[in-house]
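Asks: this one's sequence-less:
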Ligand SMILES: [Zn+2]
């Protein structure tokens with residue numbers, strides 16, 4: 001049974017110690033092979049063959065089982081993190097032009113929060129995404145009541161809209177724990 005750890009700003013935490021918006025991640029077991037010295041346990045140095053850097057003995061392969069956090073994308077990570085403090089449902093994404101008319105910079109709370117997949121959450125917004133209605137691609141625009149929209153920067157401005165309970169509270173929590181730019 002895989003254990004659950006909590007990821008926050010590049011570190012893993014146990015349940016009791018995890019900050020409120022930490023992302024729950026399953027730890028998955030992966031096998032790796034290490035070449036070790038049979039006498040002193042040192043890691044091999046690789047020349048023409050694997051040799052111990054201390055005694056020069058020929059090293060041998062040993063299989064190790066390591067626990068690593070599963071990889072989740074930004075949507076999944078944010079949905080899990082937000083769901084720990086309020087119910088969250090992902091409602092859609094849109095690409096925003098960085099300097100377009102639909103990017104109301106003054107209404108966003110700028111943040112800088114790294115996500116497990118390496119992308120960054122650069123801003124959060126609480127309220128109805130009126131400005132998104134014309135920006136949504138693929139299908140009809142939709143309106144969310146009392147939602148939160150989050151922006152993730154990953155080479156372009158992608159706005160991910162989540163429907164959450166108490167969006168103002170979530171934005172406050174994000175601001176307090178993610179730090180202002
Ligand atoms: Zn050795």
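Replies: Perfect, I can see it now. Please read all numbers here as calculations on a predicted model, not as lab measurements. Residues are numbered from 1 along each chain as shown.
Asks: kindly report the residues of the chain close to the ion.
Replies: Within the chain, the positions near the ion by CB under 5 Å from the ion are 37, 39, 40, 52, 54, 55, 57. Every C-beta, even on glycine, is put in place using the N, C-alpha and C of the backbone.
Asks: so which of these is the closest to residue 91?
Replies: residue 37 (55.6 Å; CB to CB).
Asks: was I right about the closest one contacting residue 54?
Replies: Yes: assessed by CB atoms under 8 Å, residue 37 is found in contact with residue 54 at 6.9 Å.
Asks: contact partners of the helix or strand of the chain with the lowest mean pLDDT?
Replies: Ranked by mean pLDDT, DSSP states H and E, the helix or strand of the chain with the weakest confidence is strand 148-153, at a mean of 75. Outside strand 148-153, the residues that touch it by CB atoms under 8 Å, 6 or more residues apart in numbering are 74, 78, 82, 96, 108, 115, 119-127, 129, 132, 157-164, 167, 170-171.
Asks: so of these, which ones are in helices?
Replies: Counting by DSSP state H, the contacts of strand 148-153 place 74, 78, 82, 167, 170, 171 in helices.
Asks: and the two most separated of these?
Replies: Taking CB to CB, no two of the ones in helices among the contacts of strand 148-153 sit farther apart than 74 and 167, at 18.2 Å.
Asks: tell me, how many residues neighbour the closest residue in space to residue 87 that isn't next to it in sequence?
Replies: Nearest residue to residue 87, sequence neighbours excluded (CB to CB, 6 or more residues apart in numbering): residue 165, at 5.2 Å. Residue 165: 14 surrounding residues under other CB atoms under 10 Å.
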